[in-house]
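J.: A structural model of the following input is requested.
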Amino acid sequence: MFSRAVRDSSLRNIFLSDSKVQKVAIENFVYILIIIMSSIILATLGAAICLATPFLSPALFPLVWVAFVPLFWSLQRAQTLRRAVFLGWLMGLIAHVLGFHWLVYTISAFGEFPLAASVLVFLAYAASQAIQMAILALLIYTCGFGPLQVFPALFWVSLEFLFPLLFPWHIANSQVSFLWVIQSADLVGPYGVGFVVMWSNAAIYHAVAYRDETAVKRFLPLAYAALALLVSLVYGYQRLEVVGADMAAARKLSVAAVQGNVDIDMKWNPALAQKNLEQHRSLSADLPAFDLVIWPESAVEAVIPDELPALPMDVMPTFKSDQTRFIFGSKSYTGQPGRKDFNAFNTAFFTDANGKILGRYHKQVLLAFGEYLPFAKILSHLPAMPFADGFTAGAGPVVFYLPRSVRIAPLICYEDLMPELTRQFVGETRANVLVNLTNDAWYGKTIGPWQHLWLAQSRAIETRRSLLRVTNTGVTSLVNAKGEVVKTLPMFTPAVMQTEVEVLNEQTYYVRFGDWFAWGITIAVLGIALLHWKRTWKKN
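T.: Purely as a prediction, here's the structure:
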């Protein structure tokens, strides 16, 4: 009896001792798991910060060359596909929240939403755009890094090319301060820089993470990525020299870009329309003779019949020369208001010095929810939907012809962010000067107007054309064919930028052959994905 009691007591102690050990082991496991997960989340956060920061301050462009290294480290420790996709999406979400935080103000001002609703709309936007990074993570996790760690670069180019972004951006836009490296845009568009940057990120990660490999195997991908960068730099240096010489020899177009500085709260108020018009007219009145005078988007706050033969003289500015040509932005319409044949347009008008309208261009790429309502034809049949009608998209590219074979391509608002549209203008119409009319007052006193300029700089390199941006409140600027910002006007200041613009006629490889590089890589990625999924299917 006594011996049995002792035995039972010993077993109970052993059991309790085992329970304590199990409890400690579980606690340690949970603690280690929390540390690992915290490290993974922090690494993903660091990746997002490194990616977004150069879009807010271009001088920090080197950060993008290592921005994806923490993400690759996180993906290698994700353990499940779902977790890997989530980490990619999280990086994209944070990067968009940081990089485009100013959109909260724009949503509030443009859509007249309260601040809380604007934040929710912005977060929904950022969450949807983050799917691009989620797909990148999915492809890397399932297909791996490939030979020489080149797969992430291939995946990224195809995603940059195909994934729809409401506010288009490319990795190349983060490198606008690194002129040598972005000159390849006249060959392959913005996708060449993205390829080299992403390949460098993957090669750096491999060199850091796989220290147990032989030196050759460990550093070989980095050597090839460095070679690709070197080729890009040599090409960039050579092209800057050649384009600089072409610019020096090119004929010049004298231009006055008028920045009216009409606050967004004063726009489209009938009581203030005349005052706003006089602001632009007074800035233009004392100008010397110029070949071209330009007012920004919506400078004239009247809805003009599209077939109007001439502007009334009380709208036209006064010019010193009868040879001066005039471009301005306004709304226009065709048909009869209230009828089915009615169409409204966001328009750039082109006139001579006496107001005779020589041409017009209707904006082709409209801003969703701002200039048109998606599925408007369906929604217009619903009750209480008075805002279902919006602007109508223009039919195609148009150029404005000036003397001496000058051909102006008018881009409106954020159309200067789209490589394919600018390429279409130059390729189809032989435009030799790019002009962007925009009203960035919607961005307020944020980094937004500057970011718009930085994102647009690549269009000048891709087409080797001068890009003159004429804005309402800023940043009115001139970007030359090398991608350099030559001149800017101060923000929120009524002023006129008087400058000369080079007229260049070279047709770049990118203009002639389009997105051959991006299409080729996209086909390769499709082949890689199909091959991988075929192997996976056979194993299962």
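J.: pull the CA atoms of stretch 289-302 into CSV?
T.: Taking C-alpha atoms only, stretch 289-302 is exported to CSV below (Å, rounded to 0.1, in the frame of the first residue of the first chain):
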residue,chain,number,x,y,z
ALA,A,289,6.5,88.6,-79.2
PHE,A,290,6.6,84.8,-78.8
ASP,A,291,6.0,82.0,-81.3
LEU,A,292,3.6,80.3,-78.8
VAL,A,293,1.7,81.3,-75.7
ILE,A,294,0.2,78.6,-73.6
TRP,A,295,-2.4,78.7,-70.8
PRO,A,296,-3.0,75.6,-68.6
GLU,A,297,-5.9,73.1,-68.5
SER,A,298,-9.3,74.7,-67.7
ALA,A,299,-7.8,78.2,-67.9
VAL,A,300,-11.0,79.4,-69.7
GLU,A,301,-13.9,78.5,-67.4
ALA,A,302,-16.5,78.5,-70.1
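J.: Could you tell me which residues within that stretch count as buried?
T.: Within stretch 289-302, the residues scored as buried using 16 or more other C-beta atoms under 10 Å are 290-301. Yep, even glycine has a C-beta here, placed from its N, CA and C like the rest.
J.: Just give me how far stretch 530-540 sits from the chain centre.
T.: 36 Å (C-alpha atoms, centre = their mean, to the nearest Å).
J.: Actually, stretch 153-170.
T.: In terms of C-alpha atoms, centre = their mean, the centre of stretch 153-170 is set 10 Å apart from its chain centre.
J.: Same check on stretch 179-196?
T.: 15 Å.
J.: returning to what we had before: in strands, which of the buried residues of stretch 289-302 appear?
T.: 292-294 (DSSP state E).
J.: how would you label the closest residue to Val398 other than its chain neighbours: helix, strand or coil?
T.: In space, and not counting its chain neighbours, Val398 is closest to Tyr361: 4.2 Å by C-beta to C-beta, 6 or more residues apart in numbering. Assigned with DSSP: H, G, I helix; E, B strand; the rest coil, Tyr361 falls in the strand class.
J.: Show me what Tyr361 is bridged to.
T.: Ala348 (DSSP bridges).
J.: what sits against it?
T.: Counting by C-beta atoms under 8 Å, 6 or more residues apart in numbering, Tyr361 touches 347-348, 350, 394, 397-398, 400, 410, 412.
J.: Filter those residues down to the ones in strands?
T.: 347-348, 350, 400, 410, 412.
J.: May I see those organised as TSV, with neighbour count and pLDDT added?
T.: Formatted as TSV, the ones in strands among the contacts of Tyr361 follow (neighbours: other C-beta atoms under 10 Å; pLDDT from 0 to 100):
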residue	neighbour count	pLDDT
Thr347	26	96
Ala348	29	97
Phe350	23	98
Phe400	25	98
Pro410	30	97
Ile412	27	97
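J.: How far does stretch 311-329 sit from its chain's centre?
T.: Using C-alpha atoms, centre = their mean, the offset of stretch 311-329 from its chain centre is 34 Å.
J.: likewise stretch 477-490?
T.: 18 Å.
J.: For it, list the C-alpha coordinates in CSV.
T.: Only the C-alpha atoms of stretch 477-490 are listed here, as CSV (Å, rounded to 0.1, in the frame of the first residue of the first chain):
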residue,chain,number,x,y,z
SER,A,477,8.4,73.3,-66.0
LEU,A,478,10.6,72.5,-69.0
VAL,A,479,12.1,69.1,-69.4
ASN,A,480,14.7,68.8,-72.2
ALA,A,481,15.2,65.7,-74.4
LYS,A,482,17.9,64.4,-72.0
GLY,A,483,15.3,64.2,-69.2
GLU,A,484,16.8,67.2,-67.4
VAL,A,485,14.4,69.7,-65.6
VAL,A,486,15.7,72.9,-67.2
LYS,A,487,13.3,75.5,-65.7
THR,A,488,10.5,75.6,-63.1
LEU,A,489,8.2,78.3,-61.8
PRO,A,490,7.6,78.7,-58.0
